[in-house]
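# next input, structure requested:
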Amino acid sequence: MAKEIIHSSEAPAPIGPYSQAVKINGMLFVSGQIALDAESGELINENITEETHAVMRNLEAILREAGSSFDKVVKCSIFVKNMDDFVTVNEAYGQYFNQEPPARETVEVSRLPKDVNVEISCIAAV
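You can find the predicted model right below:
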């Protein structure tokens, strides 16, 4: 039951004392991702649609590094700064789960790291 720390150079480095993801017992726990560009470290937040796609690309890079994919995601947690953005976030997010989408919750929060508008974490099989 050894845990494995996952790190993808194609996703932003953690901005605190946490790992991008941890793999254990055939499951992958991916930390919340925000719309940071992995190379430049700059935020991608021109609009909520692009911000959400950037978050999903970061999740995808970590899933891929761990040998998983969006098809194997069983649970997502979405945190949004403004629930008025729910429809737009949901539309962008939904493009990554064409069939059998995972379980999920969406929660409005007062503030997120680096004052982003959306953060998403997930749990997947590997």
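# can you give me the strands for the chain?
Using DSSP state E, the strands of the chain run over residues 4-6, 21-24, 27-33, 73-80, 103-108, 118-125.
# and the fifth one, what's its mean pLDDT?
Strand 103-108 shows a mean pLDDT of 98 in the predicted model.
# what angle separates that strand from strand 118-125?
Per axes from the mean of the first three to the mean of the last three Cα atoms, to 10 degrees, the angle that strand 103-108 makes with strand 118-125 is 160 degrees.
# quick check: angle from strand 103-108 to strand 73-80?
Put simply, strand 103-108 runs at 10 degrees to strand 73-80, going by the same axes, to 10 degrees.
# what count of nearby residues applies to residue 66?
Residue 66 is flanked by 22 other residues according to other Cβ atoms under 10 Å. C-beta: built from backbone N, CA, C; applies to glycine.
# pretty sure it contacts residue 125?
No. Using Cβ atoms under 8 Å, residue 66 is not in contact with residue 125, being 10.3 Å away.
# for the closest residue to residue 34 other than its chain neighbours, phi and psi?
In space, residue 34 comes closest to residue 116 once its chain neighbours are excluded; the distance is 4.5 Å by Cβ to Cβ, 6 or more residues apart in numbering. Per-residue torsions, residue 116: phi -70, psi 170 (degrees, to the nearest 10).
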